[in-house]
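*Asks:* I'd like to go over a predicted model; first the sequence, then the structure.
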Amino acid sequence: MIAIIKAFIAGFVATLTFHQGLLWGLDRLQVLSATAWRMTPVPPLGVPSVISLAFWGGLWGIVIWLLIRNALAAGYYVGAVILGAILPTLVALTLVPLTRGTSVDTMVGGLTLHHAAIGLALNGAFGLGVAIFMRIMHPPR
């Protein structure tokens with residue numbers, strides 16, 4: 001149970017550092033126009049957007065860690081990057097818009113390779129962050 005809490009913390013912190021740090025860097029390099037560490041309140045609780053994102057990152061941190069925890073050597077980090085890149089990005093580009101009432105046609109029409117690549121990069125960095133923070137907080141025995 002303690003490891004699950006650590007995985008949540010790792011995902012939360014990885015969102016604030018790796019994900020948002022890369023977002024900030026991509027904005028500074030003018031690859032995209034985005035605001036990192038966004039403080040705009042989001043419903044229903046009115047918490048800052050970045051805190052809401054970090055909460056979801058904590059939940060994804062648990063999922064990713066459960067899937068990579070037994071991987072050995074570089075497979076641990078590579079697996080975290082791949083799973084971090086694919087799983088949250090796939091959900092963000094498909095399930096989230098559908099739950100908000102976006103039609104499939106609109107969702108597919110708004111999807112670009114650039115948009116998908118940015119999502120994969122941001123979430124891959126997040127996955128790496130989860131792996132690193134879990135190695136620090138919960139090293140293998």
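*Replies:* Ah, there it is.

*Asks:* so which residue is smack in the middle of the chain?
*Replies:* Nearest to the mean C-alpha position of the chain, by C-alpha atoms, centre = their mean, lies residue 123 at 4.2 Å.

*Asks:* so that one sits against residue 90, correct?
*Replies:* No. Using C-beta atoms under 8 Å, residue 123 makes no contact with residue 90, being 9.3 Å away. Just so you know, the C-beta spots here come from the backbone N, C-alpha and C atoms, and that holds for glycine as well.

*Asks:* quick one: the host helix or strand of the residue nearest to the centre of the chain to chain centroid distance?
*Replies:* Applying DSSP states H and E as the criterion places residue 123 in helix 113-137. With C-alpha atoms, centre = their mean, to the nearest Å as the basis, helix 113-137 stands 6 Å off its chain's centre.

*Asks:* so how far is residue 42 from residue 85?
*Replies:* Look at residue 85 and residue 42: by C-beta to C-beta, to the nearest Å, they are 24 Å apart.

*Asks:* all set now, cheers.
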